[in-house]
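Chemist: Give me a 3D structure for the following:
(chains A and B)
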Amino acid sequence: MSVRVRFAPSPTGQVHIGNIRAAIFNWLFARHEGGNFLLRIEDTDLQRSTPEAIAVLLEVMRWLELDFDEEPLYQSSQRQKHLEAAEKLREQGHAYGDDKEADSQALVFRIPWEAEKLCEGVKNLGPVQMKLHPERPLQISHKGLQFAGLSKKGAPVHDSACLAGFKDLQVRDAEGRIIFTLQEHLDEVLREGRQFMLENAAELHFTRRSISYVDQVKGEMSKPLDSMRDLVILRSDGSPVFHLANVVDDITQRVSHIIRGDDHVENTFRHLFLFACLDAKPPVYAHLPMIVNASGKPYSKRDGDAFVGDFRNKGFLPQALFNYLSLLGWSPGDDREKMSRDELVEAFSLQRCLRSSAQMDQVKLAALNGLYIAEMELSEFIAQCREFVQRLPWGKDLDEDYFRRVCAFMQSRLKRFADVEQWQYFFVEDYVKDEKFCQKQLSDENTLKALSLLHDKLAVLNEFTAEHIEACIHEVTSEADIRQGRLNQPIRAAITGISTGAGIYETMELLGAERSIKRLKLSGK
RNA sequence: GUCUCCAUCGUCUAGGGGUCUAGGACACCGGGUUUUCAUCCCGGCAACAGGGGUUCGAAUCCCCUUGGAGAUGCCA
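Modeler: From the prediction side, this is the model:
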């Protein structure tokens, strides 16, 4: 069977980092297996799914080079198929109408009573008992059971569950007498829609069944049917719900493996039954751990910057983001971190995916990004820098040759392109200064005297090169009785206004004699 | 509440019973530079959540506790 995986986002105008990570893993898996990577746009929410939102999604995928193999499938185009599937389920007795409201078209999928006949992963777990709270009568119908269970402390817990959860059900009263046996009434309940209300039900005896599957990353997963409920597949207005649409589309696209976020594990148990009742072989599942924010919580609006576009705007390279994200919840098993796409494709496997959630670390991402920046072709690097610098108020008409030299000088140190903002002092005189730092460095009387002395020496320096500048500084420090190196930070404060940067001698050389000397003079008082 | 998962340095991770006095990376600290810096090189700090088992031997297997996440929608 050939591998076919899909990325199935709903276009909301922005692409979340967790979503794109799922896309990356799907892509990596498809490429590793030599299979197909499909895109399905779940655009049934017509409010949010605008052409603009879809354009944003496609642009993000293009940027990260997540190329897909077939024409994208728009879920909205599949509505007829969804409705046909719903009708088929109804005809075969796997779904029933919700008759709460007269004109409702809502349809509910029933976890099938003959679960083990239909679905491969259903197991018999043996007999169990469950105590009930007398507060509420037990209600039994083809829609399942409604009752009040018992919490650990004995408090009533209102609950409901699908009928299929209670195979061989016997209901007993407080004295232990059997007051109801499901097997005797099964046909009435299931086919005639008869409902039973049992006032004095105290204990449920039944055979517990579970549905299980082998998750490619989490291993064997299972859930008892008595903790499941029937699920709505058509809304009152007749529109298909996610569960139905998703499963039907996966069948249509012949998806072989579903690789998605952890938050879908519960759905998987239900989808397995849907596949079975639609006569389809279920796909192989793999659930990826979630990505969480710096405080270990899932990303929320408060965190803001969890969208792919934000990373792009900060000047992260797509290769770096791709590489970093692939390392969240997966590793190649050796010490490699910076890996090319080809290496990632080669090394990727679902079995090496982790089961626990991972925290995004922007600092580490920036470090990796810096590695990618450092190895860029200079011309390409300059082009990127220009793009970012042009967004800044001072970055419009810069001297071309000088700009190139600054770029070449700073390339090895830049981590994110948005940080070109800090190069301001190379280009304008009213650059932003770190006042606190400057004040600290430029307050000592002796230091200021030394700077003034340096100014005078540099003013008559023949060759304004790093080497000569350094020699000059050495002279000044010994004349002013300042320890070697002690004057460097004050000079940096005077020249750049900020505490960090490239080597100060080279910086001055690049800046040129005129500007360097002028700034030294300005700081002299 | 109930159900389903998860748990190694601050963070990302290696680890599939002995080779673990637990390895790498980012961050941090120190050195190279008798203290310039965001590059580079070298070094250091730092973790098996707790408690019980199983075993000659457990970070690795089992159970419990604690903590965390997800689900419990006519959202996706």
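Chemist: use CA for all of it now, contacts and neighbours both
Modeler: Will do.
Chemist: show me where the stretch 51-200 of chain A has strands.
Modeler: Here the stretch 51-200 of chain A has its strands, by DSSP state E, counting those that start in this stretch, at A:73-74, A:95-97, A:107-109, A:122-131, A:138-141, A:144-150, A:156-161, A:167-172, A:178-181, A:196-198.
Chemist: quick one, which of those is nearest to RNA strand B?
Modeler: Taking C-alpha to the nearest atom of the strand as the measure, the strands of the stretch 51-200 of chain A were each checked against RNA strand B, and strand A:156-161 came out nearest at 5.3 Å.
Chemist: which other helices and strands contact the closest one?
Modeler: The helices and strands touching strand A:156-161, judged by 3 or more C-alpha pairs under 8 Å, 6 or more residues apart in numbering; DSSP states H and E, are strand A:144-150.
Chemist: Given the strand it packs on, what are its sheet partners and their directions?
Modeler: When sheet partners are counted by DSSP bridges, strand A:144-150 sits next to strand A:138-141 (antiparallel), strand A:156-161 (antiparallel).
Chemist: interface residues of the stretch 51-200 of chain A facing RNA strand B?
Modeler: Proximity of the stretch 51-200 of chain A to RNA strand B is assessed by C-alpha under 7 Å from any atom of the strand, with A:98, A:100-101, A:104, A:106, A:150-152, A:157, A:159 identified as the residues in range.
Chemist: Need the max-distance pair from the residues you listed.
Modeler: A:Ser104 and A:Lys152 (38.4 Å; C-alpha to C-alpha).
Chemist: Looking at those two, which one has more neighbours?
Modeler: Neighbour comparison, A:Ser104 and A:Lys152: the larger count goes to A:Ser104, with 15 against 7 (by other C-alpha atoms under 10 Å).
Chemist: List the contacts of the closest residue to the more buried one other than its chain neighbours.
Modeler: Leaving aside its sequence neighbours, A:Ser104 sits nearest to A:Ser236 (C-alpha to C-alpha, 6 or more residues apart in numbering; 4.6 Å). Remark: with contacts taken as C-alpha atoms under 8 Å, 6 or more residues apart in numbering, A:Ser236 is in contact with A:103-107.
Chemist: quick one: A:Ser236 is in a helix?
Modeler: No. Secondary structure of A:Ser236 (DSSP: H, G, I helix; E, B strand; the rest coil): coil, not part of a helix.
Chemist: Which part of the stretch 101-250 of chain A gets nearest to RNA strand B, residue-wise?
Modeler: Distances from the stretch 101-250 of chain A to RNA strand B, computed as C-alpha to the nearest atom of the strand, single out A:Arg235 as the nearest residue at 3.2 Å.
Chemist: neighbours around the residue nearest to that residue when sequence neighbours are not counted, how many?
Modeler: The shortest distance from A:Arg235 to any non-neighbouring residue, by C-alpha to C-alpha, 6+ apart, is to A:Ala106 (4.5 Å). Under the neighbour criterion other C-alpha under 10 Å, A:Ala106 is assigned a count of 21.
Chemist: So A:Ala106 sits against A:Gly238, correct?
Modeler: Yes. With contact defined as C-alpha atoms under 8 Å, A:Ala106 reaches A:Gly238; the gap is 6.1 Å.
Chemist: Now do the contacts for the residue of the stretch 101-250 of chain A closest to RNA strand B.
Modeler: Contacts for A:Arg235 were tallied using C-alpha under 8 Å, 6+ apart; they are A:105-107, A:241.
Chemist: what's the closest of the residues you listed to A:Phe37?
Modeler: Of all the contacts of A:Arg235, the one with the least separation from A:Phe37 (C-alpha to C-alpha) is A:Val241, at 24.4 Å.
Chemist: what number of residues lie near that closest one?
Modeler: 17.
Chemist: how close does it sit to A:Glu421?
Modeler: With distances defined as C-alpha to C-alpha, to the nearest Å, the gap from A:Val241 to A:Glu421 amounts to 48 Å.
Chemist: likewise A:Asp434?
Modeler: With distances taken as C-alpha to C-alpha, A:Asp434 is found 14 Å from A:Glu421.
Chemist: quick one: which of those two has more around it?
Modeler: More neighbours surround A:Glu421 than the other of A:Asp434 and A:Glu421, with 16 against 13 (other C-alpha under 10 Å).
Chemist: and the more buried one, which of the three is it?
Modeler: helix.
Chemist: do A:Phe37 as well
Modeler: At A:Phe37 the chain is in strand, as set by three-state DSSP.
Chemist: before we move on, the earlier item: okay, the strands of the stretch 51-200 of chain A in TSV with mean pLDDT next?
Modeler: Rendered in TSV, the data for the strands of the stretch 51-200 of chain A read as follows (pLDDT from 0 to 100):
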stretch	mean pLDDT
strand A:73-74	96
strand A:95-97	93
strand A:107-109	95
strand A:122-131	90
strand A:138-141	94
strand A:144-150	91
strand A:156-161	90
strand A:167-172	94
strand A:178-181	95
strand A:196-198	94
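Chemist: Show me the contacts of A:Ser236 that map onto helices.
Modeler: Judged by DSSP state H, the subset of the contacts of A:Ser236 located in helices is empty.
Chemist: Serialize these to a markdown table and add fields for distance to A:Cys119.
Modeler: Rendered in a markdown table, the data for these read as follows (distance: C-alpha to C-alpha, whole Å):
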| residue | distance to A:Cys119 |
| --- | --- |
| A:Asp103 | 33 |
| A:Ser104 | 30 |
| A:Gln105 | 27 |
| A:Ala106 | 25 |
| A:Leu107 | 21 |
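Chemist: what's the closest of those to A:Asp67?
Modeler: A:Leu107 (37.2 Å).
Chemist: can you pull the contacts of that closest one?
Modeler: So A:Leu107 contacts A:86, A:95-98, A:232-236 (C-alpha under 8 Å, 6+ apart).
Chemist: quick one: it and A:Tyr96, what's the gap?
Modeler: With distances defined as C-alpha to C-alpha, the gap from A:Leu107 to A:Tyr96 amounts to 6 Å.
Chemist: for A:Asp456, same thing?
Modeler: Between A:Asp456 and A:Tyr96 the distance, using C-alpha to C-alpha, works out to 93 Å.
Chemist: quick one: which of those two has more around it?
Modeler: Just comparing A:Asp456 and A:Tyr96: by other C-alpha under 10 Å the higher neighbour count belongs to A:Tyr96, 20 against 14.
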